[in-house]
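Engineer: need coordinates for the following:
(one chain, ligands or ions: 1)
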Amino acid sequence: MDQRLREILNILSSTKDYVPGPVIARRLGLSRAMVHRLVEELKLLGYVIETHPRRGYRLLVSDDLSLADRYVRDIPGPLKFRVHYVEKCASTQDIAEALARQGVPEGTIVLAEEMSKGRGRMGREWIASKGGLWFTIILRPRKIRYLQLLSLVAGASIVEGIEGFLGVKTMLKWPNDVLYNDLKLAGILVEGRVEADIVDYILLGIGLNVNNDLPSWLKDKATTLANITGRKLPRIPLLRSILYRFNENYKALVEEQYDRITSLWRKYSTTIGSRVRVHLIDGRTIEGLAEDIADDGSLVVKLTNGTRILVYAGDVEHLR
Ligand code: BTN
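Structural biologist: Presented below is the predicted three-dimensional model:
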């Protein structure tokens with residue numbers, strides 16, 4: 001991040017109050033116009049900065065997720081985000097499903113501070129205590145073709161959102177685990193109702209470990225952004241940063257720019273080029289080289305006998 005952006009953030013985060021533009025300009029030896037431009041850049045990175053014509057700029061450092069709805073409404077793109085916040089629930093997927101059946105528009109998000117029965121992929125449990133980002137986005141993509149790509153879009157958007165906001169580089173394990181030093185930071189669950197090739201709704205569940213405590217048995221498998229950065233992080237700007245990227249990338253999907261999505265995913269992939277063991281959903285296991293992802297988002301695995309297999313669903317283990 002540009003040194004000047006950092007300096008502005010330092011000034012704004014030293015107080016809960018507004019700081020007048022001329023004060024920032026004087027302290028940093030910049031023009032007021034430049035301060036304004038840099039503040040706009042910070043907003044694009046996900047920081048929530050309120051601007052008042054006389055009082056100046058104020059940085060939102062609140063970590064109160066019940067306020068999230070206010071800060072996602074202006075994110076540009078095909079999805080008009082609205083947040084339905086709950087303090088505690090069994091799983092945001094269930095609430096989102098009920099809302100989807102009632103016909104709420106796509107872009108509706110169910111966000112919970114805590115879940116007692118969080119769901120992971122392949123029937124696993126997802127531990128979701130206070131302090132993380134646990135949310136489900138309701139989507140109504142028109143084409144079934146999008147489905148596998150949708151989860152790649154979400155994975156890439158999380159990686160970009162984290163990097164944009166914190167400068168921390170993370171990687172993707174197929175299909176969409178977000179890893180940091182091989183430890184899991186975020187996971188994605190795609191559920192939905194599709195009938196006769198028509199998508200009624202998709203529930204895109206995203207779980208990102210931020211300030212939450214992990215149970216000791218998970219500590220050699222998973223990590224949190226607070227562990228990585230050594231500080232507690234404000235989650236609303238982080239959520240904003242991810243949704244910002246998601247809306248951009250979702251636009252590419254809606255506009256059928258499939259190449260853009262697969263190349264984006266390749267860019268962040270740690271799976272391609274690795275030797276992998278894949279646990280398929282029918283219980284079989286295959287081993288080979290993860291060569292690439294196909295246009296539809298499936299993983300191309302080359303077995304030792306040279307045969308290539310397309311994997312649509314399964315669990316990948318990277319072999320050393
Ligand atoms: C995985 O196994 O990697 C997927 C984890 C998905 C967790 C998220 S948290 C929000 C949403 N609600 C759930 O119950 N699960 C997903």
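
Engineer: residues of the stretch 1-150 of the chain that sit close to the ligand?
Structural biologist: Residues of the stretch 1-150 of the chain lying close to the ligand by Cβ under 6 Å from any ligand atom are 91-93, 115, 118-121, 124, 126, 128, 134-136. (C-beta placed from N, C-alpha, C; glycine too.)

Engineer: between those residues, which sits nearest A294?
Structural biologist: R121 (19.9 Å; Cβ to Cβ).

Engineer: wait, the closest one touches G187, no?
Structural biologist: Yes - R121 sits in contact with G187 when judged by Cβ atoms under 8 Å, with a separation of 6.7 Å.

Engineer: what about the two, which has more around it?
Structural biologist: G187 (22 against 18; other Cβ atoms under 10 Å).

Engineer: next, that one: phi, psi?
Structural biologist: Here is the backbone geometry of G187 (degrees, to the nearest 10): phi -140, psi 160.

Engineer: could you do K221 as well?
Structural biologist: Dihedral angles (degrees, to the nearest 10) for K221: phi -120, psi -30.

Engineer: tell me the spacing between the nearest residue to it once chain neighbours are set aside and the ligand.
Structural biologist: Among residues not flanking K221 along the chain, K184 sits closest, at 6.1 Å (Cβ to Cβ, 6 or more residues apart in numbering). As defined by Cβ to the nearest ligand atom, to the nearest Å, K184 lies at a distance of 7 Å from the ligand.

Engineer: for the residue in the chain positioned nearest to the ligand, give me its contacts.
Structural biologist: As assessed by Cβ to the nearest ligand atom, the ligand sits closest to G187 within the chain, at 2.1 Å. For G187, the contacting residues are 120-121, 126, 176-178, 206-207, by Cβ atoms under 8 Å, 6 or more residues apart in numbering.

Engineer: again, 7 Å this time
Structural biologist: 120-121, 126, 177, 207 (Cβ atoms under 7 Å, 6 or more residues apart in numbering).
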